[in-house]
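K.L.:
all I have is the shape, not the residue letters:
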């Protein structure tokens with residue numbers, strides 16, 4: 001059973017092995033001292049149905065690189081504390097010669113006998129030092145991807 005007082009902007013329900021994603025468009029982001037936070041959750045149920053097999057999932061955050069933003073991704077533990085889960089953070093060129101940042105986490109596992117929800121917080125910083133007219137009107141896009149797979153007997 002999962003209960004939370006965290007208000008999430010995005011919820012992913014893994015009741016089968018599939019790929020899911022959600023886009024966040026940062027149109028009105030401005031340089032400031034405070035971080036921007038985006039909460040989302042990943043569950044093995046949708047409130048009615050629960051996965052019938054064990055699943056693994058990976059979280060991948062892909063961003064454009066139009067603005068000098070920094071990112072971190074956290075997971076909340078049972079005590080309400082957040083810890084960083086970033087295992088890889090790279091900027092690469094795609095086939096269209098555009099730069100994208102990809103942030104990955106380690107693989108997580110859900111069982112099928114109880115409802116389970118993992119709560120994440122994406123923290124975005126746009127430091128005040130970039131308060132300059134050349135950054136006005138530029139938007140940034142963030143895509144959160146969840147890739148889930150059925151865990152087969154013998155898989156680790």
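P.N.:
Looks like it came in fine. Quick caveat, the model's predicted, so the values are computed rather than measured. Numbering: from 1, shown residues only.
K.L.:
all strands of this structure, in order?
P.N.:
10-13, 19-26, 36-43, 55-64, 70-76, 82-84, 86-93, 99-105, 108-110, 117-125, 140-150 (DSSP state E).
K.L.:
which one of the ones you listed lies nearest to residue 49?
P.N.:
Nearest to residue 49 among those is strand 10-13 (8.3 Å), distances taken as Cβ to Cβ. C-beta here means a position set from N, CA and C on the backbone, and glycine is covered the same way.
K.L.:
what is the mean pLDDT for that closest one?
P.N.:
Mean per-residue pLDDT for strand 10-13: 66.
K.L.:
just stretch 39-47 next, same as before
P.N.:
90.
K.L.:
tell me how many other residues crowd residue 53.
P.N.:
15 (other Cβ atoms under 10 Å).
K.L.:
residue contacts, it?
P.N.:
Residues in contact with residue 53 (Cβ atoms under 8 Å, 6 or more residues apart in numbering) are 112, 150-151.
K.L.:
before we move on, the earlier item: adding distance to residue 133, write the strands of the chain out as CSV.
P.N.:
Shown next, in CSV, are the strands of the chain (distance: least, Cβ to Cβ, whole Å):
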stretch, distance to residue 133
strand 10-13, 32
strand 19-26, 18
strand 36-43, 21
strand 55-64, 20
strand 70-76, 21
strand 82-84, 33
strand 86-93, 25
strand 99-105, 22
strand 108-110, 42
strand 117-125, 20
strand 140-150, 17
